[in-house]
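Visitor: with the input below, show me the fold.
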Amino acid sequence: MSNTEKQRGDLYTRITDRIVEDLAKGVRPWMKPWNAENTTGRITRPLRHNGQPYSGVNVLLLWSEGNARGYESSTWMTFKQALELGAAVRKGETGAMVVFASRFTKSETDGNGGEVEREIPFLKAYSVFNVEQIDGLPDQYYHRPALGPDPIKRIEDADRFFRNTGAVIRHGGNQAFYAPAADIIQMPPFESFKDAASYYATLSHEVTHWTAPAHRLGRDLSRYAKDKSERAREELIAELGSCFLCADLGIVPEVEPRPDHASYVGSWLKVLSDDRRALFQAAAHAQRAVSFLHGLQPERADDRLAA
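Guide: Prediction:
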């Protein structure tokens, strides 16, 4: 095993171990932002110095760090980025780890003496600091963002968002699920939820499942019903996708697990313990699902034209 492969394996293990430690206590770590007491402001994804949101597993890492350290700001940057803004990380402050995943192409000789290109994935860790650890930044970095739209506006926006996906959503019964064969989402009646936000939080989970078929993102659900491990992986993708989407829409996800989901924590513990890459893969799939759903929104075209 090369040093690069060993370092990558160590990173997968270190990060997975942190998540597993929380799950073993019955805590779903990606829910911590909404369980915190300082959630008077809107929960967002962690943001880069330029306002762009982090994605994939880095969302989980920075939510976890920000919650553990009690930071109110969601903005993070590297030591160098702080310097470039004329600021400085305070002496003695420690950074939070994020990762950069990519691939490089390597030429190799095959068994017949021919040249073949092989794609090799790599994972690199680097440190970022919350703006609350940095002195001298421009004023806008220290002002908490104004609260998002009022609750009624948020619900209207969420309703429009899900309608724009084109997903077929039927109502009735007392269970929420996605049926791949019929390609429909089944939801209990709207009135059976404690409030509108709870309805859309549940829908965000099911619409993440809805992205799976081959004509959308191509996640294989053929073994979902028979294979406990495959079911656990897909449910982890849906739960993470729901969290990312709820943060984007300004609504609270399903903080308390649904009765039909209560058993998943044990399944996730097993999957993550058996496969140190499972968390990264689930976060990447969740990110792709949420990006796909955002891509179905007509205002995205308007944004591109404005840019």
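Visitor: mean confidence score for the helix or strand containing Arg288?
Guide: Arg288 is part of helix 278-295, with elements assigned from DSSP states H and E. Averaging pLDDT along helix 278-295 gives 96.
Visitor: the longest strand seen in the chain packs against which elements?
Guide: The longest strand of the chain (DSSP state E) is strand 115-130. Judged by 3 or more Cβ pairs under 8 Å, 6 or more residues apart in numbering; DSSP states H and E, strand 115-130 is in contact with helix 3-24, helix 57-69, strand 76-77, helix 79-84, strand 96-109. Backbone N, C-alpha and C define where each C-beta goes, glycine included.
Visitor: as TSV, the ones you listed with distance to Pro259 and mean pLDDT would be great.
Guide: Shown next, in TSV, are those (distance: least, Cβ to Cβ, whole Å; pLDDT from 0 to 100):
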stretch	distance to Pro259	mean pLDDT
helix 3-24	19	80
helix 57-69	25	93
strand 76-77	36	97
helix 79-84	45	97
strand 96-109	35	81
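Visitor: skip the chain neighbours and tell me the closest residue to Ala232.
Guide: Nearest residue to Ala232 in three dimensions, chain neighbours excluded: Ser267, at 3.5 Å (Cβ to Cβ, 6 or more residues apart in numbering).
Visitor: correct me, but the one you found touches Arg231?
Guide: Yes - under the criterion of Cβ atoms under 8 Å, Ser267 makes contact with Arg231 at 7.2 Å.
Visitor: quick one: low-confidence parts of the stretch 101-250 of the chain?
Guide: For the stretch 101-250 of the chain, applying pLDDT under 70 flags the ranges 121, 144-149.
Visitor: apply 80 and report the result again.
Guide: Counting by pLDDT under 80, the stretch 101-250 of the chain contains low-confidence ranges at 101-122, 143-150.
Visitor: how is this protein partitioned into domains?
Guide: The chain breaks down by automatic domain parsing into domains covering 1-41+43-146, 147-307.
Visitor: okay, those domains in CSV with mean neighbour count next?
Guide: Putting the domains of the chain into CSV (neighbours: other Cβ atoms under 10 Å) gives the following:
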stretch, mean neighbour count
domain 1-41+43-146, 15
domain 147-307, 17
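Visitor: list the contacts of Asn174.
Guide: Neighbour list for Asn174: Pro188, Ser192 [criterion: Cβ atoms under 8 Å, 6 or more residues apart in numbering].
Visitor: try it again with 7 Å
Guide: Contacts for Asn174 (Cβ atoms under 7 Å, 6 or more residues apart in numbering) come out as Pro188.
Visitor: what of Thr13?
Guide: Neighbour list for Thr13: Arg276 [criterion: Cβ under 7 Å, 6+ apart].
Visitor: separation between it and Pro29?
Guide: 16 Å (Cβ to Cβ, to the nearest Å).
Visitor: do Gln140 as well
Guide: For Gln140 relative to Pro29 (Cβ to Cβ), the value is 30 Å.
Visitor: cool, Gly70 as well?
Guide: 16 Å.
Visitor: equivalent analysis for Val99, please.
Guide: The gap separating Val99 from Pro29 is 16 Å, by Cβ to Cβ.
Visitor: and what of Gln133?
Guide: Distance of Gln133 to Pro29, computed by Cβ to Cβ: 21 Å.
Visitor: then Ser204?
Guide: Using Cβ to Cβ, Ser204 is found at 18 Å from Pro29.
Visitor: one more: Leu293?
Guide: Distance of Leu293 to Pro29, given as Cβ to Cβ: 23 Å.
Visitor: contacting residues for Leu61?
Guide: With contact set as Cβ under 7 Å, 6+ apart, Leu61 has these partners: Ile15, Ala96, Met97, Val98.
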